[in-house]
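[1] got a predicted structure plus its sequence, pasted below:
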Amino acid sequence: MVNSSNDPDILKWLSIANRYTRIALDRDLQPYRLNASMYYDILRIHEQPRLTQDKLIKLTYLNPSNVTRAVNQLVNLGYVRKRQSKTDKRVYELSLTKRGEAIYPDIVAIRQHVADQLLTDIPADQHDELVTQIRQLALRAVANETPDQAE
């Protein structure tokens with residue numbers, strides 16, 4: 001039997017880390033009526049004004065219907081504006097409203113707070129390497145599931 005303090009089951013531990021990180025994000029984002037599935041969209045839209053919904057789908061590696069649902073919720077909450085492209089009527093461009101821009105710094109702070117809590121026991125000089133390794137795992141998982149979307 002494997003000692004639980006040294007359990008090598010990476011899938012188990014990634015799942016647990018994901019689940020409890022989402023719980024923490026959901027709790028901290030609640031005053032904004034946001035959740036862990038929506039905050040990331042605000043960050044990306046702020047960084048790339050007039051981001052298309054298709055590009056957001058590629059950035060998130062999520063099912064298009066999930067992204068559409070989240071974007072529509074953000075529009076309904078008054079954080080995101082969705083406009084049909086003037087050059088291509090099939091494309092929707094996303095931008096933050098004034099209300100969305102106003103909460104952006106809070107969202108960044110919440111994300112940093114949750115990340116800091118998660119990394120408390122990891123030496124600061126190892127943070128970048130850990131993120132690099134987790135990113136590689138995630139991209140490998142994406143590539144194995146949907147080879148055409150991996151970047």
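    Great, that's in hand.

[2] for the spatially most central residue of the chain, which non-adjacent residue is closest in space?
    For the chain, Tyr40 is the residue whose C-alpha lies nearest the centre (Cα atoms, centre = their mean; 3.7 Å). Nearest non-adjacent residue to Tyr40, counting by Cβ to Cβ, 6 or more residues apart in numbering: Thr60, 6.5 Å away. (Each C-beta comes from the backbone N, C-alpha and C, glycine too.)

[3] my guess is the one you found meets Ser37, correct?
    No: the pair Thr60 / Ser37 is not scored as a contact, 9.4 Å apart, by Cβ atoms under 8 Å.

[4] joint contacts of those two?
    The overlap between the contact sets of Thr60 and Ser37 (Cβ atoms under 8 Å, 6 or more residues apart in numbering) is empty.

[5] coming back round to it: what's the strand or helix carrying the residue nearest to the centre of the chain in contact with?
    Tyr40 belongs to helix 39-47 when elements are defined using DSSP states H and E. Residues from elsewhere that reach helix 39-47 (Cβ under 8 Å, 6+ apart): 25, 29, 34, 51, 56, 59-60, 67, 70-71, 74, 79-80, 94-96, 100-101, 103-104, 107-108, 110-111.

[6] now it: mean pLDDT?
    For helix 39-47, mean pLDDT rounds to 94.

[7] what residues does whatever helix or strand comes next after that helix touch?
    For helix 39-47, the succeeding helix or strand toward the C-terminus, using DSSP H and E, is strand 51-52. When contacts are defined by Cβ under 8 Å, 6+ apart, strand 51-52 is touched by residues 44-45, 85, 91-95.

[8] the residues you listed: which two are farthest apart?
    Arg44 and Ser85 (17.5 Å; Cβ to Cβ).

[9] any stretches of this structure with poor pLDDT?
    The model of the chain has pLDDT under 70 over residues 1-7, 146-151.

[10] so where do the strands sit in this structure?
    51-52, 80-84, 92-96 (DSSP state E).

[11] turn the ones you listed into a markdown table, including mean neighbour count.
    Shown next, in a markdown table, are these (neighbours: other Cβ atoms under 10 Å):
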| stretch | mean neighbour count |
| --- | --- |
| strand 51-52 | 18 |
| strand 80-84 | 15 |
| strand 92-96 | 19 |
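
[12] for Ile134, which of these is the nearest?
    Among the strands of the chain, the nearest to Ile134 by Cβ to Cβ is strand 51-52 (24.2 Å).
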